[in-house]
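Asks: no FASTA, just this:
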């Protein structure tokens, strides 16, 4: 079993930057592709970004491409999401997730989830 714990959420203003971190434990970190999803009130959980097991490949939802950057540190078992030029539409609970699939954006393909961290962007 892999345990995932997110941290770093908060309240920021539109245009600000924020970074959230996911710390993994309890498994072999490099077996998993890692991703961030988000869920706003009344909406379905949506894919944000993912990074391959090596960290060499990243892919993003169109809505965040060019503004968000995902990275991982396999020595520390962590995954970061750097969010720049934040918009009120980015307000959501952000979840870290792990999958044995590759290049998948489907929540059902992810085996392990964190508890989430709230990101709120005021206008």
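Replies: Received, thanks. The model shown is predicted, which means the values in this text are computed figures rather than measured ones. Numbers count the residues shown, from 1 in each chain.

Asks: residues contacting the closest residue to residue 1 other than its chain neighbours?
Replies: In space, and not counting its chain neighbours, residue 1 is closest to residue 26: 5.3 Å by CB to CB, 6 or more residues apart in numbering. All C-beta spots, glycine's among them, are computed from the backbone N, C-alpha and C. Neighbour list for residue 26: 1, 2, 3 [criterion: CB atoms under 8 Å, 6 or more residues apart in numbering].

Asks: So in terms of bridging, what pairs with the residue nearest the centre of the chain?
Replies: Among the residues of the chain, the one closest to the centroid is residue 36, at 2.1 Å (CA atoms, centre = their mean). For residue 36, the beta-bridge partners under DSSP bridges are residue 49, residue 96.

Asks: Tell me who's in contact with it.
Replies: 20, 22, 48, 49, 50, 70, 79, 81, 94, 95, 96, 97 are the contacts of residue 36 under CB under 8 Å, 6+ apart.

Asks: how much space between it and residue 123?
Replies: 23 Å (CB to CB, to the nearest Å).

Asks: So which of the contacts of residue 36 wins on neighbours?
Replies: residue 79 (30 neighbours; other CB atoms under 10 Å).

Asks: That one is in what secondary structure piece?
Replies: Element membership for residue 79, per DSSP states H and E: strand 78-83.

Asks: and that strand, what does it pack onto?
Replies: Under the contact definition 3 or more CB pairs under 8 Å, 6 or more residues apart in numbering; DSSP states H and E, strand 78-83 sits against strand 18-25, strand 33-39, strand 46-51, strand 68-73.

Asks: The second one to strand 18-25, inter-axis angle?
Replies: Direction vectors for strand 33-39 and strand 18-25, defined by axes from the mean of the first three to the mean of the last three CA atoms, to 10 degrees, enclose an angle of 130 degrees.

Asks: report the angle between the axes of strand 33-39 and strand 46-51?
Replies: 160 degrees.
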